[in-house]
Structures are given as structure tokens and as C-alpha cells.
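Colleague: only the shape, not the letters, is given here:
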């Protein structure tokens, strides 16, 4: 791969050719490509002066904003790789990520610095102090970075009770932005920046836009809190491309199904979509293209796509679709043999989007990233089950392990169970997704040691280690966990949650994921 195709150099080239074109719009803030590039150069020079270079990790803790885009670009220009942090995460989780990455620097604002844990050897750099000074150059920064060097590390839920970092190299990001055959992205388009900073969809929202000279429109938090305001705001900002999770799409389909009217492309994914809700949006909004995307973080955001059509309302589930250019998807059995039609298999993904693996976890990387039996390179074992139908479509069937996606977030149920059983008042805990698809929540089945902990106590306890999107939506108290004759847990015997019995945690809506209790006043 040509090193000049790395995304930060594509932005540099755009700034040279079209310096006055708008790159980012964030409320009253409008940055041209020239201004974006210059600001990023100044911060990159400062990072370089601190010793940042290829494969060095720099944590970035900023809200969804123009500053976030500047910071991401600056880290890449300095030769480093960014680690996005969500300031709404519990302090313990932030501390774990900072320690696990061994990052020596964090780029943040003075407002959000108070959310960060103190750590030895961690340098805090403030993005709101990026004016040129005598300490560092304000000229262009162009560090020699190879396609195989890291671009970013993003953390996903882990089965052992600890999140794990996925290490993504530059070549994979370049592949993502160069392989957009499923929609039109050019200088005439505007992509919404609507995802959480630590959600990997931001990779597409930011770099697909800037690499192709498009405009980024930062979606205000308060708009995402109100479905009926989203459509008018999209049209006011002249947004043409929007990504939402399947869960948010369902919520919008019931409250404001015409929100996507006028979009060139509405993209959704993150979990199994409700077909009826998808069709409501298609009928009411009539976007030029309604696209479902599929793919894990380990293969760089997504790896396949499907164009939803008016006749798809009869489908039980929207198919996974076609692999993106230079991507291969295989349905294999336990012996890595291709499964026949209508026989379930595990999805293995290969191609240019396959990432390095898990940061500082060579054994886990070796077990999930395996040699490709059909060619060179590696395949990623997704843990997702699917089957090939006679009509050529691929139907998603669920997980082979205890990992689920809820409201677009990938969650290891074992991580929540580990957090719950750490409470002194809980003897055992099992977490399962609510079987009713409209609920979009997790249910925790708890065996208490004595008097059951209250919902307030449980929420406060989980809030010390887990982000809100990982909190169960309901708690069910049991005298003991049901067992099958072989002594194993009988999950089928777990009772359906009854909100009238036992403590119940209010369901967290999609917009609530944007806020934590200590940041309710921030907009």
C-alpha cells in the first residue's frame, strides 16, 4: 500500500487543494480543511516534542466535537495511535484502559480532565491550549509512518471481567475508506458525527468524510435525546449520510419514522434489526439507500453490507449481505470446513480489514485470529453463527459464545456477571438478554447471600466498574440458579423478568447512553 494513502495524509492533501472547503461543522464552530490541518499540525508538533512517534499510544478523552476530530488527526500526524476514551465511563474502567495501553499521554480538555484518574507517568495535554508558542513549531508535521503502524486502539467488552483493546493498523483504516462501493462519499456529501467517541463507528464517520473531502456535521447531544428533533436537524445541517445502531433505528421507527427523509444513505447495524421497524423507516423516509452493515471491531468497523429493498418486509431477518471489497467471509464448522446450505456455521472474516489483534494479549490473539486455510493471511473467528440459504442470502443466527450486542454495544455477559458477583451480598449471578426483542435490555438473575441488595445499591456498585450501557435493565432474585440434570445451568428454566417483583432498574434509552449522572448538565 502506498504510504501516501494513509488517512492523515489524505486530509493534508485535501487541505492543500481545497483549503477553504468546510471540513467540520460543530454548532457555531466551522473549520475549513486548511484550519483543521493547521490546528492538527500545531498539536502534532507538541506531541512530537513530548516524544510521540510510531506505535506510541495517546489517549484521547473528548466529547463528540470538532475538537475530537482535531485530536484524532493530530495524533496520527505525530506518528502515534489514538485510544478513544469516553469521559462517561467509570473511573476504574478509564484507569484500567490507561494502564493496559501503557499510554504516557492523554489529550483532553480542561473541562474533561477532572473525569480522568490520576496515574504516575501520565502526561496530560490540553487541546484547548493549542495556540502556537515558543516551545513547539507551528509548521507542517509529516512523520514517516508505515501502513502497518497502529492508527488506533479501541476497547471492547471482555469475558474475563476486563475490557480488551483491539489494535487497528493504518492499512485497515485506509481499506475502510477506500472500499465504499455501497454509497456515494465525495466533496458534495455531509456525514453526521453521531456516535459515541469510543464507539468504532466514529472511524467511518470521521475518516470516510475527510478522506473524500466531505463535510462532517457534529450532531448535538440534545438533538439525539429527542427523536422528533433529529429529522429537522439533519435537514438543517444538510446531512446526507447518517449511521445509527439498529436499536436506535427501531426507536426512531416508532416515534419519528420519517426522520431520514432526504438522506442519500441511512446506514444501520450493531445488532439484529427489527425488520418491521426497518420497513417503517424505508416507507416513511424513503432515503436513497437504506443499508445494513455487519462486522466486528476486529475487522475494522464493518465487513459486509446489504441494501434494503421495499420487498424485504416478508423477511424474518435482514440478510448480512455482500462482503466489502477485498474482504472474504466464510461459514465454517469446527474443523474449518465450509458448511452446506441451511447448515449453521461460524463466520470467519479475512481480508484487508483484519486488524493486528488484541493489545498485549498474544494468546487471545492467536486463538481468535487463525491462519486462512483457503489462502494467505489470517481469518478472524467472529463467534457469530449464520447459515447460507438456498437463495444465496446469509442469515445471522446468534452467537457461539456468551457475547451479545445490545443497543449497538458489544458486551461479554461474563464481564457483567463478574462485576455482580464481586458484590459481597451476591452469591451467584447470571446475565441474559431479555427474550423479548422489543425490550433491548439485559436481565440479571441474582442469588443473594442474605437480604437482596436494592436496585439503587446495585446500580451504584456496577457504576464503579461498568459503563451504563452494560447495566442490566432488570434484576430478578432467585433462591438458587436452575440446573439441568447434568449439573449445568439450565438457561431455559430462568424465569421471564417480572417488573412487579424484585428490584428493577429503569431501562436505559439510547440517548441516555450519551450521559452519565455527573455530566447531566453538559450539552
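Modeller: Thanks, I have the structure now. Quick caveat, the model's predicted, so the values are computed rather than measured.
Colleague: could you give the mean pLDDT of stretch 229-244?
Modeller: On average, the pLDDT along stretch 229-244 is 97.
Colleague: report the distance from it to the chain centre.
Modeller: 20 Å (CA atoms, centre = their mean, to the nearest Å).
Colleague: likewise for stretch 15-29?
Modeller: Counting by CA atoms, centre = their mean, stretch 15-29 comes out at 25 Å from the chain centroid.
Colleague: now that stretch: buried residues?
Modeller: Under the neighbour-count criterion of 16 or more other CB atoms under 10 Å, stretch 15-29 has 15, 21-26 buried. For every residue, glycine as well, the C-beta is placed using N, CA and C.
Colleague: list the residues that contact the nearest residue to residue 212 once chain neighbours are set aside.
Modeller: Nearest residue to residue 212 in three dimensions, chain neighbours excluded: residue 185, at 4.6 Å (CB to CB, 6 or more residues apart in numbering). Going by CB atoms under 8 Å, 6 or more residues apart in numbering, residue 185 touches 191, 208-209, 212, 214, 241.
Colleague: residue 201 contacts residue 301, correct?
Modeller: Yes: proximity of residue 201 to residue 301 meets the contact threshold set by CB atoms under 8 Å, at 6.5 Å.
Colleague: for these two, list the residues in contact with both.
Modeller: With contacts defined as CB under 8 Å, 6+ apart, no residue is adjacent to both residue 201 and residue 301.
Colleague: neighbour-wise, which of the two wins?
Modeller: residue 301 (26 against 22; other CB atoms under 10 Å).
Colleague: show the pLDDT at residue 306.
Modeller: Per-residue pLDDT puts residue 306 at 96.
Colleague: in the lengthiest strand in the chain, what counts as buried?
Modeller: Using DSSP state E to define each element, the chain has its longest strand at strand 378-388. Within strand 378-388, the residues that count as buried by 16+ other CB under 10 Å are 378-382, 384-388.
Colleague: same thing with stretch 234-248?
Modeller: 234, 237, 239-248.
Colleague: what does stretch 450-459 give?
Modeller: Quick answer for stretch 450-459 (16+ other CB under 10 Å): 452-453, 455, 458-459.
Colleague: repeat for stretch 430-442
Modeller: In stretch 430-442, counting by 16+ other CB under 10 Å, buried: 430-434, 440-442.
Colleague: then stretch 252-266?
Modeller: Buried residues in stretch 252-266, counted by 16+ other CB under 10 Å: 252-253, 256-266.
Colleague: so how far is the first residue of it from its last?
Modeller: 12 Å (CA to CA, to the nearest Å).
Colleague: for residue 317, see how far away residue 276 is.
Modeller: Noted for residue 276: a distance of 11 Å to residue 317, by CB to CB, to the nearest Å.
Colleague: what segments of the stretch 151-300 of the chain are helices?
Modeller: Remark: helices assigned in the stretch 151-300 of the chain by DSSP state H, counting those that start in this stretch are 170-178, 201-211, 221-224, 227-236, 246-255, 275-285.
Colleague: same for the last one, what does it pack against?
Modeller: In terms of contacts (3 or more CB pairs under 8 Å, 6 or more residues apart in numbering; DSSP states H and E), helix 275-285 is packed against helix 246-255, strand 265-269, strand 289-294.
Colleague: likewise the second one?
Modeller: Using 3+ CB pairs under 8 Å, 6+ apart as the contact definition, the elements that helix 201-211 packs against are helix 7-17, helix 66-77, helix 170-178, strand 190-193, strand 215-218, strand 241-245.
Colleague: sorry, back to before: from the buried residues of stretch 234-248, pick the one nearest residue 394.
Modeller: residue 246 (16.5 Å; CB to CB).
Colleague: next, count neighbours for the nearest residue to the closest one once chain neighbours are set aside.
Modeller: Once flanking residues are discounted, residue 246 sits nearest to residue 273: 3.9 Å by CB to CB, 6+ apart. By the measure other CB under 10 Å, the count of residues near residue 273 is 22.
Colleague: ditto for residue 360
Modeller: Residues contacting residue 360 under the criterion other CB under 10 Å number 13.
Colleague: which residues touch the closest residue to it other than its chain neighbours?
Modeller: Spatial nearest neighbour of residue 360, excluding adjacent residues (CB to CB, 6+ apart): residue 100 at 6.8 Å. When contacts are counted by CB under 8 Å, 6+ apart, residue 100 touches 162-163, 165, 359-360.
Colleague: turn the buried residues of stretch 15-29 into JSON lines, columns for pLDDT, secondary structure and distance to residue 399.
Modeller: Converted to JSON lines, the buried residues of stretch 15-29 look like this (pLDDT from 0 to 100; DSSP: H, G, I helix; E, B strand; the rest coil; distance: CB to CB, whole Å):
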{"residue": "15", "pLDDT": "97", "secondary structure": "helix", "distance to residue 399": "43"}
{"residue": "21", "pLDDT": "98", "secondary structure": "coil", "distance to residue 399": "43"}
{"residue": "22", "pLDDT": "98", "secondary structure": "strand", "distance to residue 399": "42"}
{"residue": "23", "pLDDT": "99", "secondary structure": "strand", "distance to residue 399": "39"}
{"residue": "24", "pLDDT": "99", "secondary structure": "strand", "distance to residue 399": "37"}
{"residue": "25", "pLDDT": "98", "secondary structure": "strand", "distance to residue 399": "39"}
{"residue": "26", "pLDDT": "97", "secondary structure": "strand", "distance to residue 399": "37"}
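Colleague: let's have the helices of the stretch 151-300 of the chain in JSON lines, adding distance to residue 125.
Modeller: Converted to JSON lines, those look like this (distance: least, CB to CB, whole Å):
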{"stretch": "helix 170-178", "distance to residue 125": "22"}
{"stretch": "helix 201-211", "distance to residue 125": "20"}
{"stretch": "helix 221-224", "distance to residue 125": "24"}
{"stretch": "helix 227-236", "distance to residue 125": "32"}
{"stretch": "helix 246-255", "distance to residue 125": "33"}
{"stretch": "helix 275-285", "distance to residue 125": "42"}
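Colleague: pLDDT below threshold where in the stretch 1-150 of the chain?
Modeller: 1-3, 130-138 (pLDDT under 70).
Colleague: which stretches of it form strands?
Modeller: Assigned by DSSP state E, counting those that start in this stretch, the stretch 1-150 of the chain shows strands spanning 22-26, 29-32, 57-61, 81-85, 105-108, 123-126, 150-156.
Colleague: the helices and strands packed on helix 201-211 into TSV, with extra columns for distance to residue 289?
Modeller: As requested, the helices and strands packed on helix 201-211 are exported to TSV (distance: least, CB to CB, whole Å):
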stretch	distance to residue 289
helix 7-17	23
helix 66-77	25
helix 170-178	18
strand 190-193	14
strand 215-218	18
strand 241-245	9
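Colleague: measure residue 398 to residue 385 for me?
Modeller: 5 Å.
Colleague: brain fart, residue 183
Modeller: Per CB to CB, residue 183 is found 28 Å from residue 385.
Colleague: so for residue 151, which of the helices of the stretch 151-300 of the chain sits nearest?
Modeller: Evaluated over the helices of the stretch 151-300 of the chain, closeness to residue 151 peaks at helix 170-178, with 4.6 Å, by CB to CB.
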